[in-house]
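[1] Let me see the structure of the following:
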Amino acid sequence: MSENGIPTRPYKMVPIHCASFVAAMMSSSPKASHLVSTTLLTARNEKISSKALFDAHNHLHLSISGGIPLLLVDGDVEDVITFAIDSNTNNHITNHANSISNTIFEKNGVTRGVDQKEKLIKDRTIYGMGLMSTQPRDFPIVDALSRKLEHMHDGNVCVVRNYGVHPWFLHEADAEFQNLNLSTSKPIQNETDEPTERNGTSDEFIASKFSWFPYLRECLQNDESACVGEIGLDSIRYDPHTRMPHTCIDRQVQAMEAQLHLAADLHRPVSIHAVGAWGRLFDVFRDVKKTRQILRKNIKRKGEVKKCKVLDRNRDIETPSHDKLEDNLPLVLPPKIYFHAFGGKAAIVDQLEAIFRDVSETYYGFAPIVNFRSPKTVDVIQKVGINRLVLESDLEDYHGVSTDLDKNVKFVASALNLSEEIVLEQTFRNSCRLYGLFKL
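    All right, here's what the predicted structure looks like:
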């Protein structure tokens, strides 16, 4: 622990406690095992139908038997705090992966354990998904479940891992890490309790407020293919007993800003939850954008930009950075921002696009369980257009994924007066672009 109470020991996520599974995954390195998988995907690009389905946002890990356990601290070796999964939870994850595989992938044509170099993944086959965390205790489960599913199918399916703290569960993340005594954290006192600019101690400042932040940062740094999500703001959700929000909106704002800065620093896409707090959401994006624009100006003035290797979002190659100073400056905002189960009006899309123009690519998803009963959804889909739409289920129960994705295709096709084939092809391409899977 440092003098100001901020942990100096790095966090390390251990995907599985059982060494046998790690060996089966070809490597104990999270990066190495995923690169093997995505290399296979890239090599088989021409064998994947552009009319395949991709569920860009779900929480299927939350329905494992026994629920999501509290984080297990697995010793303190060489000043590294490790989080592990016990054997009982590991068994639940394995059973859950088998069930998802049988229900979603094998039922739809992606056969387990079969070399499919020459096998076309057919139209309407569910090819992959974005698996969204809600809080730190999810992170090891998301990691283990995604790798098991990819390994079962020899890399013929893709499960994109997302790590982040959802506003509904921010209070639980705060409490859990306080109980673990891994750091000190204080609630926000007022809106002026902020750093005046991003600098070398900014991550320490954030860690002093959010004791889970170093763990989130370490998980993302250890997994270069992972994205940030689900994060955001929600002013509607409240505790049914107290009739008050679980976490005040000011603290939600700080948590979202911290995670947006992290995503921009690491060049990761972000999945956004936004309910009933659009004004504050606009302010968050503008404030982060302004802060990072100032940072860029200061770096340019001081000439502190260093040349570095930039990981290509195809994930399996590295390319040298350009000589231009501009190309090595910090991003103003995350490169891709995905508004899932988007509930805003058509006019809000225009306001968001004004903020992100020339800075970030934006994507929008509409979940049947959330959006399809609202009369405004058709108008909003028409405003967004097919080139920025992705399909999503937003489900925890894997049994409904296939049905909801099919509902999604039909709803979007009807709203935009397009054929279902065009919707399938373009939304699949959009999902691949969002998550940087490969170029079609």
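
[2] how about the strands in the stretch 101-250 of the chain?
    126-132, 158-163, 227-234 (DSSP state E, counting those that start in this stretch).

[3] Name every strand pairing with the second one and say which way it goes.
    Paired strands of strand 158-163, with direction, are strand 126-132 (parallel), strand 227-234 (parallel) (DSSP bridges).

[4] Take those strands and lay them out in JSON lines including distance to R301 and mean pLDDT.
    C-betas here are computed from N, CA, C, even on glycine. Shown next, in JSON lines, are these (distance: least, CB to CB, whole Å; pLDDT from 0 to 100):
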{"stretch": "strand 126-132", "distance to R301": "39", "mean pLDDT": "94"}
{"stretch": "strand 227-234", "distance to R301": "29", "mean pLDDT": "97"}
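
[5] any chance of the ones you listed in JSON lines, with distance to Q254 and mean neighbour count too?
    Below are the strands paired with strand 158-163 laid out as JSON lines (distance: least, CB to CB, whole Å; neighbours: other CB atoms under 10 Å):
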{"stretch": "strand 126-132", "distance to Q254": "21", "mean neighbour count": "27"}
{"stretch": "strand 227-234", "distance to Q254": "11", "mean neighbour count": "26"}
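
[6] Including distance to L395, could those strands go into JSON lines?
    Output for those, formatted as JSON lines (distance: least, CB to CB, whole Å):
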{"stretch": "strand 126-132", "distance to L395": "10"}
{"stretch": "strand 227-234", "distance to L395": "13"}
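
[7] closest one to H273 among those?
    Proximity to H273, assessed across the strands paired with strand 158-163 by CB to CB, is greatest for strand 227-234 (3.4 Å).

[8] which regions of the stretch 51-200 of the chain sit below the pLDDT cut-off?
    Within the stretch 51-200 of the chain, the segments meeting pLDDT under 70 span 74-82, 107-123, 182-200.

[9] Can you identify each of the helices in it by residue range?
    Remark: helices assigned in the stretch 51-200 of the chain by DSSP state H, counting those that start in this stretch are 87-100, 139-152, 170-180.

[10] next one: the first one to chain centre, how far?
    Going back to what we said before, that points to helix 87-100. Distance of helix 87-100 from the chain centroid (CA atoms, centre = their mean, to the nearest Å) equals 22 Å.

[11] before we move on, what about stretch 143-156?
    17 Å.

[12] send the alpha carbons of that stretch over as PDB?
    This file holds the C-alpha atoms of stretch 143-156, laid out as PDB (Å, rounded to 0.1, in the frame of the first residue of the first chain):
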ATOM      1  CA  ASP A 143     -13.200 -14.800 -19.100                       C
ATOM      2  CA  ALA A 144     -13.500 -18.500 -18.400                       C
ATOM      3  CA  LEU A 145     -16.900 -19.000 -20.100                       C
ATOM      4  CA  SER A 146     -15.800 -17.200 -23.300                       C
ATOM      5  CA  ARG A 147     -12.600 -19.200 -23.600                       C
ATOM      6  CA  LYS A 148     -14.400 -22.500 -22.900                       C
ATOM      7  CA  LEU A 149     -16.900 -21.800 -25.700                       C
ATOM      8  CA  GLU A 150     -14.200 -20.800 -28.200                       C
ATOM      9  CA  HIS A 151     -12.100 -23.800 -27.300                       C
ATOM     10  CA  MET A 152     -15.000 -26.200 -27.700                       C
ATOM     11  CA  HIS A 153     -15.500 -25.000 -31.200                       C
ATOM     12  CA  ASP A 154     -11.900 -24.800 -32.300                       C
ATOM     13  CA  GLY A 155     -12.100 -21.000 -32.800                       C
ATOM     14  CA  ASN A 156     -15.200 -21.300 -35.100                       C
END
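
[13] Isn't L418 up against G385?
    No: L418 is beyond contact range of G385, at 10.4 Å (criterion: CB atoms under 8 Å).
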